[in-house]
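Participant: Based on what follows, work out the 3D shape:
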Amino acid sequence: MTTVRRRSIAAALAATAVLCGGGAGALAVAPAAQAAPSPSPSAPALPAGLYGTKDPTYDGVWRQSFAFLAQETSGVEPADQAVDWLLRQQCDNGGFAAYRPEPGKPCDASTMLDTNATAAAVQALAGLDKPEAADGGTDPVTQAMRSSVHWLKGVQNKDGGWSYNPGGASDANSTSIVIGALAAAGEKPGTVKSADGRSPYDALIGFAIPCSAKDAGAGAFAYQPDRNGKLVANADATAAAVLAGLGKQARTRGAEPGQPPTCEAAAKPTAERVARNGAAYLATALAKTGHLDLPPMPGAETTAPAPDFGNTADAVVALAAAGHGDKAAGAVTWLKKNGPAWAAENGPAAWAQLILAAHTVGADTRDFGGVDLVQRLNATGPKPDSTVETRAEQEHENKESGENSGFGVWLVVGVFLFAGMGIGFLISGRNKNRQL
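Facilitator: This next block holds a predicted model:
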């Protein structure tokens, strides 16, 4: 799962690369991460149905989709208004941009379609309750999901992977989240082949750093090769690739405990093997302080590293999915103490990351370090159509109503029975009189 901070700056850099003619490979290094910018005082009002209050230019569809994903794990049914907003963001060809301020305007060649936003939307749509189609055909949610899957298949690169925006070089994050989307939609990712006959897993393996690497990055995944063709460890890419390589999605629950995480070389590595190697890298990285750190910004003065909240949450999900939830325990404790303040600043996608991490390890999302994560996420958007609590209240009311209704029915039945008995006595008496 790509983190909320990487999303905003990555989209901005992708836009710069395309508009400035950067072309394929322009983003050769993993984008730095930061929070989405706040809207300026003159910014127009945000559309109804959208989660969050910050500028959605670079993460509108992303944060909406991950809000749905987190709510779905928590028994929350998003408001129809919120679902409609997401559906209206889709272009006619099935792709999604990061955000379209005028969804009524048709997409054209200038619309910057985004594989990450599209794949996130597919995963979110796959988990929504499907309304009945008015004409008896396919419901609009399923139609939108299938259309997006079709578009994603159409922009697959020859190496089997995907780039952030179509036409660029494949990267581990985009490839990973598309794999998750394909699986969520009921596809078999390994059978989705490029024009050169390569699968998404072929591309994913190409981003894995061998266990024989001499530096501390052994077993990790790179976002992309750098300008010299070297694979440099990236925690964000590693967490995403671990999930994809194991065939898991963001909503996964932790697997049964397995063997200790180790980095094992293989003559012919498989997607699962390199994913488990990635889990070993994450376990080692978290063991130091209980959290990951943000990489230093290029050209910045040397300072103490800043904690990376989002990637720490993603690493928890990846480790638990690999059966190493015990190795994520320290990170969960750290997130309980520090995560809510970070999420309060960063908005719905950040709350969603904490919920998904807590869900994966079986922690209480309603009391995560004393904070109800689900309630805080719900408060960033339209009031949900239903929650576990509202459904329980409704069931209780229905039960009481049913009991009262049942009593009334039996009372009426009793009255008729007694009335029937009286009529019977009268008829019997009349017959006896006639016989006499």
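
Participant: need the strands for the stretch 251-400 of the chain, in chain order.
Facilitator: 292-293, 307-308 (DSSP state E, counting those that start in this stretch).

Participant: Kindly present the ones you listed as CSV, with separate columns for mean neighbour count and mean pLDDT.
Facilitator: To be clear about C-beta, it is placed using only N, CA and C from the backbone, and glycine gets the same treatment. Shown next, in CSV, are the strands of the stretch 251-400 of the chain (neighbours: other C-beta atoms under 10 Å; pLDDT from 0 to 100):
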stretch, mean neighbour count, mean pLDDT
strand 292-293, 20, 95
strand 307-308, 20, 96
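
Participant: Out of these, which gets nearest to Glu132?
Facilitator: strand 307-308 (43.7 Å; C-beta to C-beta).

Participant: For that closest one, which strands pair with it and how are they oriented?
Facilitator: strand 292-293 (antiparallel) (DSSP bridges).

Participant: how about the helices in the stretch 301-436 of the chain?
Facilitator: Secondary structure of the stretch 301-436 of the chain by DSSP state H, counting those that start in this stretch: the helices cover 309-321, 329-346, 348-361, 373-378, 388-435.

Participant: secondary structure element for the closest residue to Leu86 other than its chain neighbours?
Facilitator: Nearest non-adjacent residue to Leu86, counting by C-beta to C-beta, 6 or more residues apart in numbering: Gln64, 5.2 Å away. Assigning secondary structure by DSSP states H and E places Gln64 in helix 60-73.

Participant: Quick one: residues in contact with the helix or strand immediately after that helix in the chain.
Facilitator: Sequence order places helix 80-88 as the next helix or strand after helix 60-73, per DSSP H and E. For helix 80-88, the external contacting residues (C-beta atoms under 8 Å, 6 or more residues apart in numbering) are 47-51, 61, 64-65, 67-68, 103-104, 121, 124-125, 128, 140-141, 144, 381-382, 385.

Participant: rerun that using 7 Å as the cut-off
Facilitator: 47-51, 61, 64-65, 103, 121, 124, 128, 140, 144, 381-382, 385 (C-beta atoms under 7 Å, 6 or more residues apart in numbering).

Participant: per-residue confidence averaged over that helix?
Facilitator: Across helix 80-88, pLDDT averages out at 97.

Participant: do stretch 112-128 as well
Facilitator: pLDDT averaged over stretch 112-128 gives 97.

Participant: again, but for stretch 243-252
Facilitator: pLDDT averaged over stretch 243-252 gives 91.

Participant: now do the same end-to-end measure for that stretch.
Facilitator: End-to-end span of stretch 243-252 (C-alpha to C-alpha, to the nearest Å): 9 Å.

Participant: which residues are contacting it?
Facilitator: Contacts for stretch 243-252 (C-beta under 7 Å, 6+ apart): 1, 69, 72-73, 123, 127, 176, 179-180, 183-184, 204, 271-272, 274-275, 317-318, 321-322, 356, 360.

Participant: Leu128 and Pro140 touch, don't they?
Facilitator: No - the pair Leu128 / Pro140 is not scored as a contact, 10.5 Å apart, by C-beta atoms under 7 Å.

Participant: more neighbours, those two?
Facilitator: Leu128 (19 against 16; other C-beta atoms under 10 Å).
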